[in-house]
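Asks: pasting the structure only:
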Ligand code: SF4
């Protein structure tokens, strides 16, 4: 039997509710090119092993939270060690030519480090490759450099073509041990395959209206974005907006339904309705599929509010009939001034018309809000609060399922807004200066004020019965950050941290 070409593994920690897309996408593409590939989700084995006991602690271990936690729990430490050993044994037994480890985010680094360290002590002749967003840090390769001795290759960016070339032996292909060029023709890639996953293991991403638990798989229709919001780093990662044809999307959805019985899909896209022409073809095709087959396909994901004048009269009916479900709308602010500063490309009036149409056509959605933009005055903030009051009727009707209030505005190097440092804001020298910044144009808008606004928004939402998604976790993060901030502000024993800059000029 010929040797397996590649095993692609996803690593903890990732939330447990969806099968990870990257290994399935890469496997599908490589198989379409004649290679043998297997995808393994090590992340879900953490849930399977610990779900009745110690799951939060085991998950936290991989997220590198609660340092020292396992010192107090040697039994758990031993069980985690055994689990990691079992992963390594599984890889050695499969003996592929390439072991690819998908470092989805910084939360997957602990598992990655442990696996490559243990593999380095074993005898094998598989090449080890790393990929995924988590290998970079603010766009830099700082962490990657610490593991280079244990690996053979890495790929920064979209992996399909680079991996295909690596398996062909073309190791000079741009992106192998470097950054890939963005893929411009997504329709030419093979489609994702979830055959290696046990889809019953995943927590449900959401429930249907009749409370029936949905099994959801991810699908990619486009990469990049048609907009260029100042607070968003999407165009740094995907400078061009690229998309798949509606035909290949419908094929992937119908094939997954017909082979796995999966009806519910979640788009990984930054926005599903970026290319209006392809979007309309897709919703029309899916609506036809739903009419003909009774498949009741549903799909969700991130979505932009569009101006009504650009939409055809079929836009909302076909969106509904194609199965749109709980679309995540980037609303961000209720202030036209802040929306313009963010380059959102919409106004509050556009949002009002859009959500009214959703309500009329029974299309469900949730809101993403972003509090504390550097130009957000108290009056602007009140305009955002107005949205919660004015749109409460859509929560009551079931059109809006809730909102994320987020952990307030963070500013990091990969956002366009970062170039405004010194003009719109100044960064504190706190431990996490992405959150620690002060506006130079709105007096008093600093971390403390942003936290205050976040708490006010929470109170208003609670009072109006707006569900606030992930608010428990967000509050825990805010608390942890605020504790660090207070330590820093008081100039306590933290080292290498300068005191807060003088801001008296703002008052
Ligand atoms: S926030 Fe959304 S619409 Fe704006 S650039 Fe990012 S992905 Fe695009």
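Replies: That came through, no problem. It should be emphasised that the depicted structure is a prediction, and the values quoted were computed from it without experimental measurement.

Asks: For this structure, what lies in contact range of the ligand?
Replies: Applying CB under 6 Å from any ligand atom, we find that the chain lies next to the ligand at 225, 227-229, 232, 234, 270-271, 304, 330. The C-beta positions use only the backbone N, C-alpha and C, and glycine is treated the same way.

Asks: Now go through these and say which are in strands.
Replies: Mapping the residues of the chain next to the ligand onto strands (DSSP state E) picks out residue 330.

Asks: Show the buried residues in the residues of the chain next to the ligand.
Replies: For these, a burial check counting by 16 or more other CB atoms under 10 Å picks out 225, 227, 229, 232, 234, 270-271, 304, 330.

Asks: Okay, and which of those residues map to helices?
Replies: Residues of those located in helices (DSSP state H): residue 234.

Asks: Please convert the buried ones among the residues of the chain next to the ligand to TSV, extending it with pLDDT.
Replies: Converted to TSV, those look like this (pLDDT from 0 to 100):
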residue	pLDDT
225	95
227	94
229	97
232	95
234	90
270	93
271	94
304	97
330	96
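
Asks: and which of the buried ones among the residues of the chain next to the ligand is nearest residue 143?
Replies: Checking those against residue 143 by CB to CB gives residue 234 as the nearest, at 21.7 Å.

Asks: That closest one: what's it in contact with?
Replies: 224-225, 270 (CB atoms under 8 Å, 6 or more residues apart in numbering).

Asks: Dump the residues you listed to a markdown table, plus distance to residue 421.
Replies: Below are the contacts of residue 234 laid out as a markdown table (distance: CB to CB, whole Å):
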| residue | distance to residue 421 |
| --- | --- |
| 224 | 25 |
| 225 | 23 |
| 270 | 24 |
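
Asks: Can you pull up the most central residue in this structure?
Replies: residue 268 (7.7 Å; CA atoms, centre = their mean).

Asks: How far off centre is the helix or strand hosting residue 89?
Replies: In the assignment (DSSP states H and E), residue 89 maps to helix 74-94. Relative to its parent chain, helix 74-94 has a centroid offset of 28 Å by CA atoms, centre = their mean, to the nearest Å.

Asks: other SSEs contacting it?
Replies: strand 6-10, helix 42-50, helix 55-62, helix 109-120 (3 or more CB pairs under 8 Å, 6 or more residues apart in numbering; DSSP states H and E).

Asks: how about it: buried residues?
Replies: So, applying 16+ other CB under 10 Å, buried residues of helix 74-94: 76, 79-80, 83-84, 87-88, 91-92.

Asks: and if you look at stretch 14-24?
Replies: 14, 16, 18-24.

Asks: For residue 178, state which of the residues you listed is nearest.
Replies: The closest of the buried residues of stretch 14-24, once distances to residue 178 are taken by CB to CB, is residue 22, at 18.7 Å.

Asks: what ranges of the stretch 301-450 of the chain fall below the confidence cut-off?
Replies: Residues of the stretch 301-450 of the chain meeting the criterion pLDDT under 70: 431.

Asks: surely residue 236 meets residue 418?
Replies: No: contact criterion CB atoms under 8 Å: residue 236 and residue 418 do not qualify, at 10.0 Å.

Asks: Between those two, which is the more surrounded one?
Replies: residue 418 (19 against 13; other CB atoms under 10 Å).

Asks: and that one, how far is that from residue 237?
Replies: 15 Å (CB to CB, to the nearest Å).

Asks: next one: residue 12
Replies: In terms of CB to CB, residue 12 sits 23 Å off from residue 237.

Asks: Quick check on those two: which one has the bigger neighbour count.
Replies: residue 12 (26 against 18).

Asks: quick one, helices of the stretch 151-300 of the chain?
Replies: 160-167, 234-237, 246-260, 276-293 (DSSP state H, counting those that start in this stretch).

Asks: Give the other helices and strands that the third one contacts.
Replies: Other helices and strands packing on helix 246-260, by 3+ CB pairs under 8 Å, 6+ apart, are strand 216-219, helix 276-293.

Asks: Comparing the ones you listed by mean pLDDT, which bottoms out?
Replies: Out of the helices and strands packed on helix 246-260, strand 216-219 stands lowest, with a mean of 87 (criterion: mean pLDDT).

Asks: Can you verify my assumption that residue 162 contacts residue 155?
Replies: Yes: if you go by CB under 8 Å, residue 162 and residue 155 touch, sitting 4.7 Å apart.

Asks: what is in contact with the two at once?
Replies: Common neighbours of residue 162 and residue 155 (CB under 8 Å, 6+ apart) are 175-176, 180.
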